[in-house]
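S.K.: below are the sequence and a predicted model; questions follow.
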Amino acid sequence: MANIMITERCNLRCSYCFANEFVGKSTEDISVSSFMKAIDFSLTNPDEGIGIIGGEPTVHKQFKEMLQLIIEDNRIKRCTLFTNGILIDEYVKELTHPKFSLLINCNAPNDIGANQFEKTVKNIDLFAEEYYMRDRITLGINMYKPNFEYQYLLELLKQHQFKYVRTSLSVPNTEQLRRQSALDYFYEMKPYVLNFYHDALDVGIIPFYDCNAIPKCIFHQHELEMLRRKLMATGNEDRNLLSDFVTCEPVIDILPDLSVIRCFALSEYEKAKISDFNTIFEAKAYFNNCFDTLGYHICTDIRCKDCYERLTMKCSGGCYAFKANKVIECRNIIDDINTRN
């Protein structure tokens with residue numbers, strides 16, 4: 001699923017923002033005509049839906065018009081809105097259409113303020129209970145620091161009887177963070193992530209990864225086994241929490257100026273234009289060649305050097321942003337050799 005970034009503006013300022021190259025630094029919005037071009041490009045893969053992202057998409061002045069275009073476009077079977085949920089009540093008529101699902105990133109009240117948090121909670125209540133959209137709403141959390149808050153989220157999940165929660169370890173969004181050891185970062189975050197996962201599973205809620213999943217080697221076998229037993233006890237399907245593959249693939253995010261990037265974590269390293277490609281498959285192949293092929297061969301950490309999971313491409317060692325500088329350096333060396341030959 002390709003994601004279309006319709007605005008670089010946001011009504012929050014999250015410290016962990018994965019789109020920090022743009023958000024808070026630009027006020028660019030996509031035009032309606034460019035939005036339609038982005039849809040056309042996204043639908044070169046007709047089997048997938050589209051995602052609408054920001055910034056915060058709901059602050060776009062023509063957001064309602066764009067939602068209506070999606071509703072009227074018979075090619076679009078499904079669309080996911082990535083939102084903080086603060087303003088979605090202004091678009092009830094459009095967003096309750098069967099094509100739409102909501103992925104609401106639920107920030108802690110201490111991070112965004114009590115008033116903003118209360119507005120998000122009211123809107124979740126509105127869409128889940130009054131408009132019966134519970135099955136089309138997913139709540140998510142970005143685990144961005146040790147000892148992160150999550151009890152507020154568990155209460156929301158239990159209240160609305162949601163079965164799943166989207167989780168993501170925040171990606172390294174500054175040069176300083178990119179220089180740290182990815183494995184050390186995962187070891188630091190592990191106890192807090194495990195506490196959250198166990199507390200969620202204890203009330204029948206299954207966490208699943210969006211991106212930057214923790215490599216399996218970070219866990220002891222008994223920790224994985226305990227998670228496995230609790231997952232089985234819920235009676236629900238495990239989406240990917242204990243998957244044998246801890247990998248990363250190109251997402252394909254389309255920016256307001258119709259640039260295309262592999263993902264926001266790597267947006268500073270490589271951009272192209274949708275006009276450079278005939279299909280979205282070509283764009284994914286391009287970024288696979290730029291980053292993923294080398295990314296698997298370049299170790300996240302020296303401790304990964306002889307890892308069987310890495311050598312068999314079952315583990316990418318976390319977000320590629322941790323080793324993006326190494327990938328770029330390697331690409332430059334290869335380009336230099338090719339030029340001299």
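M.R.: Sure, I can see it.
S.K.: all contacts plus neighbour counts: C-alpha atoms, from now on.
M.R.: Noted.
S.K.: next up, the contacts around residue 87.
M.R.: 58-59, 120 (Cα atoms under 8 Å, 6 or more residues apart in numbering).
S.K.: which ones are touching the residue of the chain positioned farthest from its centre?
M.R.: In terms of distance from the mean C-alpha position of the chain, residue 341 ranks first, at 40.3 Å (Cα atoms, centre = their mean). With Cα under 8 Å, 6+ apart as the criterion, no residue contacts residue 341.
S.K.: same list (the contacts of residue 87) but as a markdown table, adding distance to residue 8, neighbour count and pLDDT.
M.R.: Conversion of these to a markdown table gives the following (distance: Cα to Cα, whole Å; neighbours: other Cα atoms under 10 Å; pLDDT from 0 to 100):
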| residue | distance to residue 8 | neighbour count | pLDDT |
| --- | --- | --- | --- |
| 58 | 11 | 28 | 98 |
| 59 | 10 | 19 | 97 |
| 120 | 20 | 24 | 98 |
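S.K.: turn those residues into JSON lines, including distance to residue 325.
M.R.: Formatted as JSON lines, the contacts of residue 87 follow (distance: Cα to Cα, whole Å):
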{"residue": "58", "distance to residue 325": "34"}
{"residue": "59", "distance to residue 325": "34"}
{"residue": "120", "distance to residue 325": "38"}
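S.K.: just these: which are in helices?
M.R.: Here DSSP state H is the test, and those give residue 120 as lying in helices.
S.K.: state the pLDDT value of the residue farthest from the centre of the chain.
M.R.: The model reports residue 341 with a pLDDT of 75.
S.K.: go on, residue 118?
M.R.: 97.
S.K.: mind checking the SS state of it?
M.R.: At residue 118 the chain is in helix, as set by DSSP: H, G, I helix; E, B strand; the rest coil.
S.K.: what about it, how many residues close to it?
M.R.: 13 (other Cα atoms under 10 Å).
S.K.: distance of it from residue 305?
M.R.: Using Cα to Cα, to the nearest Å, residue 118 is found at 47 Å from residue 305.
S.K.: do the same with residue 229
M.R.: In terms of Cα to Cα, residue 229 sits 31 Å off from residue 305.
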